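**Q** What shape does this take:
(chains A and B)
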Amino acid sequence: MSIQDLMLQEKSHVTSMGKAFLCERVVMRGKDLHLELGDLDWFSLYLYSITGKRYSEEQLKMLNYIWVCTSYPDPSIWPNHVTELAANSRSTPSLSLMSGLSISEASIYGRRPDRRAIDFLINTRKAVDSGGKLEDLINESLKKYRIIYGYGRPLARIDERVLHIVKKAKSLGFDSGEHFQLALDIYKYVKQHKRQTVNVAALAAAIGADFGMSPEEYQLYLTPCFIAGMVPCYLDGMEKPEGSVFPMRCQSIEYSGPHKRSW
Amino acid sequence: MSNSFGYKTKIWFEEPEADNPFAAKNCYCHGYDVYGDILSKATWFEYLFLLFKGEKPTAKQANLLETLAIALTNLGPREPSIRAAMNGGVGGATHAASLMSALSVGAGQCGGAHEVYILMSLWDTCGTDLELWLQKLPDPVEDKREDIWKPMEHAPGFDPNGVSCPTPVVQTLSALTKYDESGCLHFLQETRKPLEATTGIPLSMTGVSAAAFHALGFDAHAATMLYLMLRLPGAAAHAIEQRHLGWRAFPFYGEHIHLTNDPGKTELPNEEELGL
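**A** Numbers count the residues shown, from 1 in each chain, chains lettered A, B, ... in the order given. As a prediction, the model looks like this:
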């Protein structure tokens, strides 16, 4: 950007995303927040803020279910563990929850796999539509990256959410979506030929893709999704005596570095 | 995954107090007694180097790290990560929240820590081969998969909105080069102009910092963490200052925002009808 452009920016920030006319009104993506969006539930408003679109009641139920089914109130899950440690260290509610949310943008779980899962499905769908053979596309990806995001799972053999999400998708009529079917076809192939399983990330990403979300929109939609599982961990950490959760004795540290030496 | 609920580490071990297995009597960092030895003999930057590298630094390495830390301590209140902290401070947010906001903004790839991360990988690939740098800078990230990080929009290590290399960047590079035992900073000093001519933009503090981290032998992860941490003092000081100055003295951009799709003015509910 040139100095002239920066000088223009210095005077005016032009946007179509929104503005608060304090004492008067608020506009979000071209709509009056109080008058035109005021009857939306918060979840619908959140999706509107991301995509600028309104979703049907069934779509909202499906998207809501994906949040619900990943709300695990278990402090052994890493983001929740952080939240519980923060609470038990007597940090604040916002710091406890936001620290847990921020580490949800991880590489072996959470947002990076989510983003790559939807991208893989969108691109594979396009490639299949252009005449590509699904098993070739799967093997090509496995050869290149050794992993297809949404398949396999750290820590556990199977993902108990899979059956629930398939059941929900069937009940709401979304199981016939192109990407959803593709995700299941991939599962059938990797199960038979690679002894891999499917996890919720693949099926949730398929729903996002079938609803027309881009990877960016999909990540933004998922960003708060663990928070309902974190709140009970926060409360649990607060209820317990300070400094008492997951105590670790000195000798639990398994050291393999250099022997004692003098500075 | 260990079932012992303990952590594996090559960095740290502890010996417990006789009366409490949860309290350490002695703590060792890479084998050195932290409170019995390091505390009275090492400088902060010698200890910092030890912590990340596992070995004591040479005198020049310690000086290089400390000089870089001084350069990064406060990038001033116009710098985005410091502005983020100030936005926290002015509203009376928790101190941790101000620093978290500085870390989040300062993590980015336009002047932030992820730019340093990308540069560290380029240093590993290109070393002091100018031709390779010129080849890689326009397209620095080989992994093209969809990611939480966007594709780079400018040559990493250079300022996309710059005109000429700012004096503090030149001064920092010059000061760091005095302690460079690896040749990386000398190389950057010697090739700055051809690199700037090719990229069309001037060298930035991320470019100088990454060269220094590479000269010190840090990997990409350590360099990124240190680039995040070493800028926090300025963020903290400016956040505290704005907290004391108060919101009336702080810029509010309301009138600066111009909508391209304003649906127009609407009426508020009638106060009298609501009995207010």
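
**Q** Poorly predicted segments of the stretch 101-250 of chain A, please.
**A** By pLDDT under 70, the low-scoring segments of the stretch 101-250 of chain A are A:154-155.

**Q** And the helices in it?
**A** Using DSSP state H, counting those that start in this stretch, the helices assigned to the stretch 101-250 of chain A run over residues A:111-129, A:134-145, A:161-172, A:178-194, A:200-210, A:215-222, A:227-239.

**Q** contacting residues around B:Leu51?
**A** B:11, B:29-30 (C-beta atoms under 8 Å, 6 or more residues apart in numbering or on different chains). (Each C-beta comes from the backbone N, C-alpha and C, glycine too.)

**Q** quick one, phi/psi of it?
**A** Backbone torsions of B:Leu51, given as degrees, to the nearest 10, read phi -60, psi -40.

**Q** Distance-wise, check it relative to chain A.
**A** According to C-beta to the nearest C-beta, to the nearest Å, B:Leu51 and chain A sit 12 Å apart.

**Q** send the alpha carbons of stretch B:126-135 over as PDB?
**A** These are the backbone C-alpha positions of stretch B:126-135, laid out as PDB (Å, rounded to 0.1, in the frame of the first residue of the first chain):
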ATOM      1  CA  CYS B 126      18.300 -20.500   1.900                       C
ATOM      2  CA  GLY B 127      21.100 -19.900   4.500                       C
ATOM      3  CA  THR B 128      23.400 -17.200   3.000                       C
ATOM      4  CA  ASP B 129      22.600 -18.000  -0.600                       C
ATOM      5  CA  LEU B 130      21.300 -14.700  -2.100                       C
ATOM      6  CA  GLU B 131      20.000 -16.300  -5.300                       C
ATOM      7  CA  LEU B 132      17.900 -18.800  -3.300                       C
ATOM      8  CA  TRP B 133      16.500 -16.000  -1.100                       C
ATOM      9  CA  LEU B 134      15.500 -14.000  -4.200                       C
ATOM     10  CA  GLN B 135      13.900 -17.200  -5.600                       C
END
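
**Q** Would you mind pulling the contact partners of that stretch?
**A** Contact with stretch B:126-135 is made by B:122, B:125, B:136, B:183-184, B:187, B:191, B:194-195, B:198, as judged by C-beta under 8 Å, 6+ apart.

**Q** quick one: which of those is nearest to B:Asp262?
**A** Nearest to B:Asp262 among the contacts of stretch B:126-135 is B:Thr198, at 43.7 Å by C-beta to C-beta.

**Q** ok, the residue in the stretch 101-250 of chain A that chain B sits nearest to - contacts?
**A** For the stretch 101-250 of chain A and chain B, the shortest gap (C-beta to the nearest C-beta) falls at A:Asp119, measuring 3.5 Å. Applying C-beta under 8 Å, 6+ apart, we find A:Asp119 in contact with A:215, B:145-146.

**Q** Partner strands of the longest strand along chain B, with direction?
**A** Ranked by residue count under DSSP state E, the longest strand found in chain B is strand B:20-29. Paired neighbours of strand B:20-29 in the sheet (DSSP bridges): strand B:12-17 (antiparallel), strand B:32-33 (antiparallel).

**Q** Excluding chain neighbours, what is closest to the residue nearest the centre of chain A?
**A** Among the residues of chain A, A:Leu222 comes closest to the average C-alpha position under C-alpha atoms, centre = their mean, at 3.6 Å. Distances taken as C-beta to C-beta, 6 or more residues apart in numbering or on different chains put A:Asp114 closest to A:Leu222, at 5.4 Å, once the chain neighbours are dropped.

**Q** how deep is the one you found tucked in, by neighbour count?
**A** 29 (other C-beta atoms under 10 Å in any protein chain shown).

**Q** again, but for the one 4 residues further on
**A** Applying the criterion other C-beta under 10 Å, we find 30 residues in the vicinity of A:Ile118.

**Q** and it, what is it in contact with?
**A** A:205-206, A:208-209, A:213, A:215, A:218, B:146.

**Q** now B:Phe5
**A** Residues counted as contacts of B:Phe5 (C-beta under 8 Å, 6+ apart) are A:246, A:248, A:252.

**Q** Excluding covalently adjacent residues, which one is nearest to the residue of the stretch 101-250 of chain B found nearest chain A?
**A** Distances between the stretch 101-250 of chain B and chain A by C-beta to the nearest C-beta are smallest at B:Glu146, namely 3.5 Å. Closest residue to B:Glu146 apart from its sequence neighbours, by C-beta to C-beta, 6+ apart: A:Asp119 at 3.5 Å.

**Q** Also B:Tyr7?
**A** A:Ile253 (5.8 Å).

**Q** Equivalent analysis for B:Gly108, please.
**A** B:His114 is the one closest to B:Gly108 (C-beta to C-beta, 6+ apart), at 6.0 Å.

**Q** What's the local residue count around that neighbour?
**A** Neighbours of B:His114 using other C-beta under 10 Å come to 21.

**Q** right, and it touches B:Ile148 too?
**A** No. The criterion here is C-beta atoms under 8 Å, and B:His114 misses it with B:Ile148 at 9.8 Å.

**Q** Got phi/psi on the residue lying closest to B:Pro57 once chain neighbours are set aside?
**A** Closest residue to B:Pro57 apart from its sequence neighbours, by C-beta to C-beta, 6+ apart: B:Phe49 at 4.0 Å. Backbone torsions of B:Phe49, given as degrees, to the nearest 10, read phi -60, psi -50.

**Q** pLDDT value on B:Phe49, please?
**A** In this model, B:Phe49 is scored at 98, pLDDT.

**Q** Name the residues of the longest strand of chain B that are buried.
**A** B:24, B:26-29 (16 or more other C-beta atoms under 10 Å in any protein chain shown).

**Q** Show me which of the residues you listed is closest to chain A.
**A** Using C-beta to the nearest C-beta, B:Ala24 is the member of the buried residues of strand B:20-29 that lies nearest chain A, at 5.2 Å.

**Q** and A:Arg153, what is it in contact with?
**A** Going by C-beta under 8 Å, 6+ apart, the list of residues near A:Arg153 reads A:159, A:197, A:199.

**Q** ok, the last one - contacts?
**A** When you say that, I think you mean A:Asn199. By C-beta under 8 Å, 6+ apart, A:Asn199 lies in contact with A:150-153, A:159, A:161-162.

**Q** Whichever of those end up buried, select them in PyMOL.
**A** Here is the PyMOL selection string for the buried members of the contacts of A:Asn199, based on 16+ other C-beta under 10 Å:
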select buried, chain A and resi 150+151+152+153+159+161+162
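
**Q** any chance of the contacts of A:Asn199 in JSON lines, plus distance to B:Ala215?
**A** Putting the contacts of A:Asn199 into JSON lines (distance: C-beta to C-beta, whole Å) gives the following:
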{"residue": "A:Gly150", "distance to B:Ala215": "41"}
{"residue": "A:Tyr151", "distance to B:Ala215": "42"}
{"residue": "A:Gly152", "distance to B:Ala215": "40"}
{"residue": "A:Arg153", "distance to B:Ala215": "41"}
{"residue": "A:Asp159", "distance to B:Ala215": "46"}
{"residue": "A:Arg161", "distance to B:Ala215": "48"}
{"residue": "A:Val162", "distance to B:Ala215": "49"}
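
**Q** Outline the domain layout of the chain.
**A** I'll assume chain A. A:16-54, A:55-104+A:223-243, A:111-221 (automatic domain parsing).

**Q** oops, I was thinking of chain B
**A** Under the assignment automatic domain parsing, the domains of chain B span B:1-41, B:58-73+B:107-230.
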